[in-house]
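pasting the sequence and the predicted model now:
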Amino acid sequence: RKHMRQSTTEHTRQTFLRLQERQVQSKRKKGGTSHERPLTQEELLEEAKITEEINLRSLENYERLEADKKKQVQKKRKIVGPVIRYWSLTMPLLPEPGRDDPVDVEGLDPEAPPPPSPGKCSRTFISFSDDATFERCFPRAKAPRLPVRELCPVTHKPALYRDPITDIPYSNARAFRIIREAYRKYVTAHGLPSAAAAAAAAGPVESAGARPGRQKIVIKQSVPSA
């Protein structure tokens, strides 16, 4: 930065005021010839010095403002924690799979038109920074519980049917006949199960509309030894 003596500074200030006054007068004039005297070489040099001083001050102010801006620039912040990114872009449209185009082996059609350029489509992607965030946004549905497959007590195979009287599952007609024969022997020996006995075997009734449970008969089949 330049330092001038006090007298030079005062002279420069007066020259600057004259220059401003001349500019104001020129703006007020709407037309006509100008009767102002031309500036001398000394006055032109003084105006040049004033302009130089103004430019230097403007440059200093600009450099100071730029330095302040650089100090105020914030550093790029690092994202901490899970991140979900959303991407939307344009991609070439993939052709649908179909029959292969016929190939001209003999070269009878050398000037075949070029294939048309594939179109474009919009694709959207969502990316997750970790698996925990993905599982929280898209929880997996629990697998449905498969029904328990009952076994036939006679054949020890998966039961396909159920006896409506004894409520025992069975797999085929032979097992059904064995179950009914065992039930007939049970009725002959013990009699038909009464409603009170069935209710006592089933336990206390929770509601008045509840139906008493059926009495189940255990079927045991033994293989005779040879």
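Perfect, thanks for sending it.

tell me what the biggest helix by length in the chain is packed against?
Looking across the chain with DSSP state H, the single longest helix is helix 41-72. Counting contacts by 3 or more C-beta pairs under 8 Å, 6 or more residues apart in numbering; DSSP states H and E, helix 41-72 is packed against helix 6-28. In short, each C-beta sits where N, CA and C put it, glycine included.

before we move on, back to that, quick check: buried residues in the longest helix of the chain?
By 16 or more other C-beta atoms under 10 Å, the buried positions in helix 41-72 come out as 46, 47, 49, 50.

next secondary structure element downstream of that helix?
Counting by DSSP states H and E, the next helix or strand C-terminal to helix 41-72 is strand 84-92.

strand partners (parallel or antiparallel) of that next one?
Using DSSP bridges, the strands paired with strand 84-92 in its sheet are strand 120-128 (antiparallel).

show me what the partner strand is in contact with.
82-93, 134, 137 (C-beta atoms under 8 Å, 6 or more residues apart in numbering).

taking those residues, tell me the two that lie furthest apart.
82 and 93 (33.2 Å; C-beta to C-beta).

lowest-confidence member of the contacts of strand 120-128, which is it?
For the contacts of strand 120-128, the least confident position by pLDDT is residue 93, scoring 82.

residue 117 is in contact with that one, correct?
No: look at residue 93 against residue 117 with C-beta atoms under 8 Å: they stay out of range, at 9.9 Å.

low-confidence regions, this structure specifically.
Applying pLDDT under 70 to the chain flags residues 1-11, 24-36, 74-77, 96-116, 193-226.

rerun at 50
1-4, 195-196, 199, 201-213, 222-226 (pLDDT under 50).

so residue 117 is in which element?
Using DSSP H and E, no helix or strand contains residue 117.

mind checking how far it is from residue 94?
Separation of residue 117 from residue 94 (C-beta to C-beta, to the nearest Å): 13 Å.

same deal with residue 154?
Taking C-beta to C-beta as the measure, residue 154 falls 59 Å from residue 94.

neighbour count for these two, which is higher?
residue 154 (22 against 9; other C-beta atoms under 10 Å).

between residue 93 and residue 117, who's got more neighbours?
Each of residue 93 and residue 117 has its neighbours counted (other C-beta under 10 Å); residue 93 has more, 11 against 8.

can you tell me the closest non-neighbouring residue to the more buried one?
Nearest non-adjacent residue to residue 93, counting by C-beta to C-beta, 6 or more residues apart in numbering: residue 119, 4.3 Å away.

quick one: that neighbour and residue 87, what's the gap?
Residue 119 is 20 Å from residue 87, by C-beta to C-beta.

and for residue 64?
43 Å.

and residue 49, by the same measure?
Where residue 87 is concerned, residue 49 sits at a distance of 61 Å (C-beta to C-beta).

ditto for residue 78
Distance from residue 78 to residue 87, by C-beta to C-beta: 21 Å.

compare these two and say which is more crowded by neighbours.
More neighbours surround residue 87 than the other of residue 78 and residue 87, with 9 against 5 (other C-beta under 10 Å).
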